[in-house]
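Asker: Pasting a predicted model and its sequence here:
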Amino acid sequence: MVRRKTFHWAWLFFCAIALLNPLQAELEVIAPPGMVRVPGGVYRPLFRSNSDAREIPVAAFALDIHPVTNAGFLDFVRANPRWRRSQVKRLFADENYLKHWAADLEPGEAASMNAPVTWVSWFAAKAFAAWAGKRLPTTVEWELAAAASPSQPEGENDPEFKKLLAVWHSSPSPERLPPIGTGRANYFGIHDLHGLIWEWVADFNTAMVTGDARGDSGLERQLFCGSGSLGAKDVGNYAAFMRFGFRSSLKADYSVHNLGFRCAKNL
């Protein structure tokens with residue numbers, strides 16, 4: 001009788017440990033230095049047809065706390081000469097690439113070392129991310145992270161946050177950008193997703209996705225329609241319409257004065 005009881009409690013203990021192991025493994029997955037872990041969630045596309053999914057699951061991922069700075073990009077072009085301003089191929093960056101830098105390896109007074117790097121093409125941003133052992137975030141990842149206000153993960157429920165977004169999206173960018181990290185972090189601890197620059201995403205040239213874009217080979221590239229908001233989930237989301245409209249106007253070789261990037265990483 002005693003043996004049977006001992007075996008019973010040992011078996012329960014074993015089962016409890018087995019159930020806890022997956023949770024423990026999940027908790028042990030942390031983001032690399034300079035990045036934060038964005039929990040998995042659900043992305044609800046701004047534009048969709050009646051046949052498109054209302055919700056897209058997004059796996060947990062790591063995202064840079066700040067945009068890449070001029071200092072960080074300087075390290076990249078030092079290590080990769082073909083991405084220097086005088087050597088980059090026009091196929092991968094237009095004539096405006098790093099135009100505000102004083103020289104190939106000298107950002108100069110117009111590009112503060114601690115300000116976000118801009119005037120960089122999608123090709124250059126993608127190459128930087130690969131060099132850093134990371135990647136560009138997908139649209140669904142960026143939008144999920146950027147949806148958070150300083151106080152809650154779903155900023156659409158925060159009227160003050162929505163008001164600030166509308167003000168920023170209707171304001172011109174300053175000629176000289178301020179340093180990164182001067183504003184409040186959002187709920188996840190990420191800075192500058194709004195209010196500083198626009199940011200490249202991996203799949204910038206599609207406004208609609210068919211699934212987890214990290215492994216999605218079936219992206220439709222010509223789905224954005226800027227003429228209206230039929231099928232939009234929230235016709236009053238001015239900031240989101242601005243972002244999707246801006247992305248749809250870009251080409252991969254474009255370099256723009258207020259367009260930079262940050263990196264993501266799988267967990």
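Answerer: Nice, thanks for sending it over.
Asker: Every contact and neighbour count from this point should use C-alpha atoms.
Answerer: OK.
Asker: Next SSE downstream of the least confident helix or strand in the chain by mean pLDDT?
Answerer: Here the helix or strand of the chain ranked lowest by mean pLDDT, DSSP states H and E is helix 2-28, holding a mean of 49. Per DSSP states H and E, the first helix or strand lying C-terminal to helix 2-28 is strand 35-38.
Asker: Let me know the average pLDDT across that next one.
Answerer: Mean pLDDT, computed over strand 35-38, is 96.
Asker: Export only the CA atoms of it, formatted as CSV.
Answerer: The C-alpha atoms that make up strand 35-38 are tabulated as CSV, following Å, rounded to 0.1, in the frame of the first residue of the first chain:
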residue,chain,number,x,y,z
MET,A,35,16.1,44.5,-28.7
VAL,A,36,12.9,43.7,-26.9
ARG,A,37,10.6,40.7,-27.2
VAL,A,38,7.3,41.5,-28.7
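Asker: strand partners of the next helix or strand after that strand, parallel vs antiparallel please.
Answerer: Where DSSP H and E defines the elements, the next helix or strand beyond strand 35-38 is strand 41-43. The strands beside strand 41-43 in its sheet (DSSP bridges) come out as strand 56-58 (antiparallel).
Asker: For the helix or strand following the strand it pairs with, which outside residues touch it?
Answerer: Where DSSP H and E defines the elements, the next helix or strand beyond strand 56-58 is strand 61-64. For strand 61-64, the external contacting residues (CA atoms under 8 Å, 6 or more residues apart in numbering) are 31-32, 34-40, 137, 141, 190, 262-267.
Asker: Pull out the buried members of these.
Answerer: 31, 35-38, 137, 141, 190, 262-265 (16 or more other CA atoms under 10 Å).
Asker: OK, contacts around residue 197?
Answerer: Residue 197 touches 116, 173, 258-260, counting by CA under 8 Å, 6+ apart.
Asker: May I have stretch 155-173 as PDB, with CA atoms only?
Answerer: C-alpha atoms of stretch 155-173 as PDB (Å, rounded to 0.1, in the frame of the first residue of the first chain):
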ATOM      1  CA  GLY A 155      -3.300  51.900 -28.600                       C
ATOM      2  CA  GLU A 156      -6.600  52.100 -30.500                       C
ATOM      3  CA  ASN A 157      -8.200  52.200 -27.100                       C
ATOM      4  CA  ASP A 158      -6.100  55.100 -26.000                       C
ATOM      5  CA  PRO A 159      -7.600  58.400 -27.300                       C
ATOM      6  CA  GLU A 160      -4.600  60.500 -26.300                       C
ATOM      7  CA  PHE A 161      -2.300  58.200 -28.200                       C
ATOM      8  CA  LYS A 162      -4.500  58.400 -31.400                       C
ATOM      9  CA  LYS A 163      -4.500  62.200 -31.100                       C
ATOM     10  CA  LEU A 164      -0.700  62.300 -30.900                       C
ATOM     11  CA  LEU A 165      -0.400  60.100 -33.900                       C
ATOM     12  CA  ALA A 166      -2.700  62.300 -36.000                       C
ATOM     13  CA  VAL A 167      -0.600  65.400 -35.000                       C
ATOM     14  CA  TRP A 168       2.700  63.800 -36.000                       C
ATOM     15  CA  HIS A 169       1.400  62.400 -39.300                       C
ATOM     16  CA  SER A 170       0.200  65.800 -40.300                       C
ATOM     17  CA  SER A 171       3.400  67.600 -39.300                       C
ATOM     18  CA  PRO A 172       6.500  68.100 -41.600                       C
ATOM     19  CA  SER A 173       9.800  66.400 -40.600                       C
END
